[in-house]
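J.: Can you look at this prediction? I've put the sequence above it.
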Amino acid sequence: MKIDVFYTPLGLNAGDLTGRAVVVIDVLRATSTIVTALSAGAKAVIPAASSEEAVRLTSNLEKNGIVLAGERRMLKIEGFALGNSPREMTPDAVAGKTLFLATTNGTPALLAAQGGDPVLVAAALNFSAVAERARHLFSERGELVIICAGREKQFALEDAYTAGRLIKAVKKGVPPKKLVLNDAAHVSLDLAAQQGGWLDAFGASGAARQLSEVGLGDDVKFCAQPDRVAIVPVYADRRIAA
């Protein structure tokens, strides 16, 4: 039984994930935003590779049914209705709408996961629910792939920590001799054991420092709340739904 962790989507090629169960993590902040938007009543979230693609995808759609959201350098994209803060994803803002989301790290990671079956969207906010679904898939299929979005194409502490906690949850009951972890999965497990709780781990990250510097430190606290919701978003055919 095998678990592979990728600290960024770099190096993943088309076909690498075909038919494999995949979990995508970008806790600060894209997957947290997606989970929150769907729990607030959004119909779906469409990840876009860039703000330009998001605008193109919505150019011929009825404006009343869509919301453009996203960030560049952590701040809301000019002309978009919402940024990439889960605290913005209120029922008033997103209920009944389809959210077109473009972010620096998270949405490219989701696009890289295309071909996975299924592709689950994970955050601390829905941790127990997604861990249970992933554990079931791992038990059934004998393998699991975890893709961390990373930060600017590099390792991100908060994503690796979440991956480690996820591995710990899904491997319960599996005899150690039957479990095969790639190197990144081993490191993630060790990291999760060494760090404190969710807020300590997230707060120690470079992403948290950058968010605090631009006045978005409250997003870190929000994203570090485990099990705030019980939905498991699934990404298929360029669309994420609960």
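T.: Cool, the structure landed.

J.: rest of the way, CA atoms for contacts and neighbours
T.: Fine.

J.: measure stretch 109-128 end to end?
T.: 22 Å (C-alpha to C-alpha, to the nearest Å).

J.: how far out from the middle of the chain is it?
T.: Relative to its chain's centre, stretch 109-128 lies at 6 Å (C-alpha atoms, centre = their mean, to the nearest Å).

J.: again with stretch 173-189
T.: Distance of stretch 173-189 from its chain centroid, counting by C-alpha atoms, centre = their mean, is 21 Å.

J.: Over to stretch 185-203?
T.: Counting by C-alpha atoms, centre = their mean, stretch 185-203 comes out at 17 Å from the chain centroid.

J.: Over to that stretch now: how far is its first residue from its last?
T.: 22 Å.

J.: With stretch 94-101 instead?
T.: OK, stretch 94-101 end separation, C-alpha to C-alpha: 12 Å.

J.: do the same with stretch 80-100
T.: Using C-alpha to C-alpha, one end of stretch 80-100 lies 10 Å from the other.

J.: cool, stretch 137-154 as well?
T.: Stretch 137-154 stretches 28 Å from its first residue to its last (C-alpha to C-alpha).

J.: from the chain's centre, how far out does it sit?
T.: Taking C-alpha atoms, centre = their mean, one finds the center of stretch 137-154 at 10 Å from the center of the full chain.

J.: Could I get the buried residue list for that stretch?
T.: Residues 137-139, 142-151 are the ones in stretch 137-154 that count as buried (16 or more other C-alpha atoms under 10 Å).

J.: helix/strand/coil for the residue of the chain positioned farthest from its centre?
T.: Most distant from the centre of the chain: Lys177, at 30.0 Å, with distances by C-alpha atoms, centre = their mean. With DSSP: H, G, I helix; E, B strand; the rest coil as the basis, the three-state label of Lys177 is helix.

J.: Return the distance of it relative to Lys153.
T.: Taking C-alpha to C-alpha, one finds Lys177 at 33 Å from Lys153.

J.: Of the buried residues of stretch 137-154, which is the nearest to Glu62?
T.: Nearest to Glu62 among the buried residues of stretch 137-154 is Ala149, at 30.9 Å by C-alpha to C-alpha.

J.: Is the closest one in contact with Thr8, as I believe?
T.: Yes. Assessed by C-alpha atoms under 8 Å, Ala149 is found in contact with Thr8 at 5.1 Å.

J.: Name the residues contacting each of the two.
T.: By C-alpha atoms under 8 Å, 6 or more residues apart in numbering, Ala149 and Thr8 have these common neighbours: Ala109.

J.: name the helices or strands packed onto the host helix or strand of Thr31?
T.: Taking DSSP states H and E as the criterion, Thr31 maps to helix 30-39. Helix 30-39 makes packing contacts with strand 44-48, helix 106-112, strand 119-122 when contacts are defined by 3 or more C-alpha pairs under 8 Å, 6 or more residues apart in numbering; DSSP states H and E.
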